[in-house]
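Undergrad: predicted model follows, preceded by the sequence.
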Amino acid sequence: MSSDTPVKKILIVAANPKQTSRLRLDEEVRDIQEGLERTRQRDKFILRQQWAVRPRDIRRAILDFRPNIIHFSGHGSWTKGL
C-alpha cells in the first residue's frame, strides 16, 4: 500500500454457543492480530473484536464501526443462524 492509502478497519465477530463444540476462536483471532502486527503496513489497519455476538450485535457493530472487512468465526446450523 502506498503511504496515502486510507486505513482499513477490520471487524472480527465471534460466537461459540454453549451447546456447540468448543472452537479455538481466541487462537484464531490471536493469529490474525499477530499477523497484522508483524506486517510493515500495520499502521494501515485498525482491528476491533466482538465476542459472543448475537445477530443484533453484529448489525450494531457494523453500523457503529463501519468496517471495510468483516471476519466471522463461529458455528453454523442447518436450522437457524445468520
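TA: In hand now; what should we look at? The model shown is predicted, which means the values in this text are computed figures rather than measured ones.
Undergrad: so residue 68 touches residue 9, yeah?
TA: Yes - using CB atoms under 8 Å, residue 68 makes contact with residue 9 at a distance of 5.3 Å. In short, each C-beta sits where N, CA and C put it, glycine included.
Undergrad: pull the longest helix from this protein.
TA: Criterion DSSP state H: the longest helix present in the chain is helix 25-38.
Undergrad: the helix or strand that comes right after that helix packs against which elements?
TA: Note on helix 25-38: by DSSP states H and E, the next helix or strand toward the C-terminus is strand 45-50. Applying 3 or more CB pairs under 8 Å, 6 or more residues apart in numbering; DSSP states H and E, one finds that strand 45-50 contacts strand 8-15, helix 25-38, helix 55-65.
Undergrad: could you list the alpha-carbon positions for the longest one in CSV?
TA: Spelled out, that is helix 25-38. Output in CSV follows, covering the C-alpha atoms of helix 25-38 (Å, rounded to 0.1, in the frame of the first residue of the first chain):
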residue,chain,number,x,y,z
LEU,A,25,-11.7,-18.7,18.4
ASP,A,26,-9.3,-16.9,20.7
GLU,A,27,-6.3,-18.6,19.0
GLU,A,28,-7.7,-17.7,15.5
VAL,A,29,-8.1,-14.1,16.4
ARG,A,30,-4.6,-14.0,18.1
ASP,A,31,-3.1,-15.4,14.9
ILE,A,32,-4.8,-12.7,12.8
GLN,A,33,-3.7,-9.9,15.2
GLU,A,34,-0.1,-11.2,15.3
GLY,A,35,0.0,-11.3,11.5
LEU,A,36,-1.2,-7.7,11.2
GLU,A,37,1.3,-6.6,13.9
ARG,A,38,4.2,-8.1,12.0
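Undergrad: got the buried residues for it?
TA: 25, 29, 32, 36 (16 or more other CB atoms under 10 Å).
Undergrad: check stretch 5-13 too.
TA: 10, 11, 12, 13.
Undergrad: any idea what the spatially most central residue of the chain is bridged to?
TA: With distances taken as CA atoms, centre = their mean, the residue of the chain nearest its centroid is residue 12 (0.8 Å). Counting by DSSP bridges, residue 12 forms beta bridges with residue 49, residue 71.
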